[in-house]
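> here you go, sequence then predicted model.
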Amino acid sequence: MTPLTPTSSDRAGPAATVDLAPLRRAARPRALEFAFWLLPVAAWFLFPENLALLTQIAITAIFALSLDLVLGYAGIVTLGHAAFFGVGAYAAGMLSAKLGIGDPLLGLVFAAAVSALAGAITSPFVLRGTGLTRLMVTIGIGMMLFEAANKANDFTGGVDGLQGIEMTPLLGLWSFDLWGKTAYVYAVAVLFVVFLVARHVVGSPFGLSLRAIHMNAARMPALGVSVDARLTAAWIAAAAIAGIAGALLTQTTQFVSIDVLGFGRSAEILLILILGGAGRLYGALVGAIVFVTLHHLLADVDPEYWQLWIGLVLIGIVLFARNGLMGVVDPFERLLARKETKR
Amino acid sequence: MTPPVLETRDLVKTFGGFTATDGVSLSIAKGARHALIGPNGAGKTTLVNLLTGFLTPTSGSVLLDGADVTGLAQHKRVARGLARTFQINRLFADLTVLESVALAVAEQMGVGRRFWRPIGRHGEVLDAAARLVEDLHLADVAHRRTRDLAYGKQRLIEIALALAARPRVLLLDEPAAGVPTSESRELFAALAALPADMTILLIEHDMDLVFRFADRISVLVSGAVLLEDTPEVVAGHPLVREVYLGEAHHV
């Protein structure tokens, strides 16, 4: 028996060098991404009559991106995400209706801050449990906020909604017009900025640690990571982004309905993300485009039973594209990656 | 004698009425190659979990460099230089080998909380990760996903992740478990190449590996230390021969 000592030279030849290019390349935008972001520009010219609908898509996409951060990346399953959307919507609404501050960008920042605070307050409760316990807590938080908004009638307008919201022109230059042109450009610009931020975050060491927590949280402390601290940060960031989406809805419609806090909205955004594909950012965007468009078209064709049809379509898509619509590109991506590594 | 790097004093852990760890006092010197052996259910993994902070002891204390760390959270012990591998792989199935190691390196370098600059532009992280990947003979599979690799390769990732923490004390929980003989050569080479000043506590069923690797062996039976001595003495001990070495070759 030969002893295994540190001085033993039992090593297999000279070490091969590791090609770092694939990791370096991962951060760079791809040609297809540039093409994707031409879509909102094209839509402006192709569907000038439907800017309000397109604005809805952009807002929904921001909300879905927020959910993708916590669910797709960090792996926190939530059915109460509308809580932060709603907090943002009311924050932006009250800033104008109660305090008379109608600057849209200021409203966004304010809404993001209030939602982030709501995220910070709720995070210990949500992160305490795991799996189903966590899911129950998120539903509970959503329901409590809904009832609180309902009860605080004088303040929120209850089921009648919050009225008297007026927006000053965007950057003091563009007022919100009847055709929704300003609203559309505004919403798309905010979506783009939020997307860029999210793209940076998920590609960073922090983002990598979120994905790792999703895959194997139990291993992380052994790498020196406090899982709770990371998840709290992700939860608060996602809350702020959801708040921005809610604020955009308020500002572009100049009204807050209590539905912004509804359970239906939480369920719907989860559906949208799964439909598009979780954990890839573009899944959130594609899911929002497809869902809101389908919703619109089907409601036109069959105003009474559109939900039946949308249910059927969704089941069909999910059955045939297990990882969501964007999951369809996976095999091609892997093939491409292998080719590039081999070169 | 130099003061011990890792020490336990009368460590006890009970689960309900069952005593998994029964008054264990260990003292491991700097640079030691200390092995912990014992039959199944002797409490070896429980002891590792107490050392790393995954479990809190019922009584007794754990000392790292003479400082009491009994109440310290796992991730804080890692920051103090105590790393471990797991008996059953705990890896990141969808990450590539290089991504997994880069993740661990980023945490060691304290940049794991950075949320803006892409991981691919953290040159110092990538370089250190690449070096570890090479050292552990993983260079040829660096860009493969963990889930697609053979078990032997995955065991090497386990070790790479622990080494990324730049530990002064490394706890190896059955590193050879489940590795077929055909793949064990690389694993043994990786263990042999560990720096001499790194203190290592090895828990292992493979007696061949234990006697080649260790300069000190503790035998754990029913949660308590039966004896602690050099490999020669332990190998010659009648009880050890009976309960342990006899079955070593089936494991």
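Sure, I can see it.

> point out where the chain drops to low pLDDT.
No chain was given, so I picked chain A. A:1-16, A:337-343 (pLDDT under 70).

> switch to chain B, please.
Across chain B, the ranges flagged by pLDDT under 70 are B:1-2, B:243-251.

> which residue ranges form the strands in it?
B:6-15, B:18-24, B:27-28, B:33-37, B:59-64, B:67-68, B:82-84, B:169-173, B:199-203, B:216-221, B:224-229 (DSSP state E).

> adding distance to residue B:157 and mean neighbour count, write those strands out as a markdown table.
In short, each C-beta sits where N, CA and C put it, glycine included. Shown next, in a markdown table, are the strands of chain B (distance: least, C-beta to C-beta, whole Å; neighbours: other C-beta atoms under 10 Å in any protein chain shown):
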| stretch | distance to residue B:157 | mean neighbour count |
| --- | --- | --- |
| strand B:6-15 | 24 | 18 |
| strand B:18-24 | 29 | 19 |
| strand B:27-28 | 25 | 20 |
| strand B:33-37 | 22 | 25 |
| strand B:59-64 | 25 | 18 |
| strand B:67-68 | 31 | 10 |
| strand B:82-84 | 14 | 28 |
| strand B:169-173 | 14 | 24 |
| strand B:199-203 | 18 | 24 |
| strand B:216-221 | 27 | 22 |
| strand B:224-229 | 32 | 17 |
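
> relative to chain A, which of these is closest?
Smallest distance to chain A across those (C-beta to the nearest C-beta): 5.8 Å, for strand B:82-84.

> would you mind pulling the contact partners of the closest one?
A:222, B:6, B:48, B:51-52, B:64, B:69, B:162-163, B:165, B:167-173 (C-beta atoms under 8 Å, 6 or more residues apart in numbering or on different chains).

> which helix or which strand is home to the residue in the stretch 51-200 of chain A that chain B sits nearest to?
The nearest approach of the stretch 51-200 of chain A to chain B comes at residue A:200, 5.2 Å away (C-beta to the nearest C-beta). Assigned by DSSP states H and E, residue A:200 belongs to helix A:181-203.

> just the buried residues of that helix, please?
Across helix A:181-203, burial judged by 16 or more other C-beta atoms under 10 Å in any protein chain shown covers A:182-188, A:190-191, A:194-195, A:197-203.

> rewinding a little: who's in contact with the residue of the stretch 51-200 of chain A closest to chain B?
Applying C-beta under 8 Å, 6+ apart, we find residue A:200 in contact with B:115, B:116, B:117, B:118.

> how near is the last one to residue B:102?
In this structure, residue B:118 and residue B:102 are separated by 11 Å, where distance is defined by C-beta to C-beta, to the nearest Å.

> please say which of these two ends up with more neighbours.
The neighbour comparison of residue B:118 against residue B:102 (other C-beta atoms under 10 Å in any protein chain shown) goes to residue B:102, with 28 against 20.

> just want the angle from the lengthiest helix in chain A to helix A:181-203.
Counting by DSSP state H, the longest helix found in chain A is helix A:227-253. Orientation of helix A:227-253 against helix A:181-203 (axes from the mean of the first three to the mean of the last three C-alpha atoms, to 10 degrees) gives an angle of 170 degrees.

> can you pull out the strands in the stretch 201-343 of chain A?
With strands called from DSSP state E, counting those that start in this stretch, the stretch 201-343 of chain A shows none.

> who in it is up against chain B?
Residues of the stretch 201-343 of chain A lying close to chain B by C-beta under 8 Å from any C-beta of the partner chain are A:201, A:203-209, A:211-212, A:215-216, A:218-226, A:230, A:233, A:337, A:341.

> just the buried members of those?
Of the members of those, the ones counted as buried by neighbours, 16+ other C-beta under 10 Å, are A:201, A:203-209, A:211-212, A:215-216, A:219-226, A:230, A:233.

> okay, and which of those residues map to helices?
Among those, the members falling in helices (DSSP H) are A:201, A:203, A:205-209, A:211-212, A:215-216, A:230, A:233.

> make TSV out of the residues you listed and add distance to residue A:133.
Compiled in TSV, these are given as follows (distance: C-beta to C-beta, whole Å):
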residue	distance to residue A:133
A:201	27
A:203	31
A:205	29
A:206	25
A:207	26
A:208	27
A:209	23
A:211	22
A:212	22
A:215	20
A:216	19
A:230	19
A:233	21
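
> what is the nearest of those residues to residue A:116?
Closest to residue A:116 out of those is residue A:233 (10.7 Å), distances taken as C-beta to C-beta.

> would you agree that closest one is in contact with residue A:207?
No - Residue A:233 lies out of contact with residue A:207 (C-beta atoms under 8 Å); the separation is 11.0 Å.

> who touches both of these two?
Common neighbours of residue A:233 and residue A:207, using C-beta under 8 Å, 6+ apart, are residue B:115.

> once you drop chain neighbours, what's closest to the most centrally placed residue in chain B?
Centroid check for chain B by C-alpha atoms, centre = their mean gives residue B:172 as the closest residue, at 2.0 Å. Residue nearest to residue B:172 in three dimensions, not counting chain neighbours: residue B:202, with 4.8 Å by C-beta to C-beta, 6 or more residues apart in numbering or on different chains.

> go ahead and confirm the one you found touches residue B:28.
No - Residue B:202 is not in contact with residue B:28 according to C-beta under 8 Å; the separation is 10.9 Å.

> and for the two, which residues touch both?
residue B:34.

> report the angle between whichever helix or strand residue A:54 is part of and helix A:227-253.
Per DSSP H and E, residue A:54 falls inside helix A:51-67. Interaxial angle, helix A:51-67 versus helix A:227-253 (the same axes, to 10 degrees): 170 degrees.

> quick one: helix A:51-67 to chain centroid distance?
Using C-alpha atoms, centre = their mean, to the nearest Å, the mean C-alpha position of helix A:51-67 is found 9 Å from that of the whole chain.

> and it, what does it pack against?
Other helices and strands packing on helix A:51-67, by 3 or more C-beta pairs under 8 Å, 6 or more residues apart in numbering or on different chains; DSSP states H and E, are helix A:39-46, helix A:181-203, helix A:227-253, helix A:263-276, helix A:282-301.
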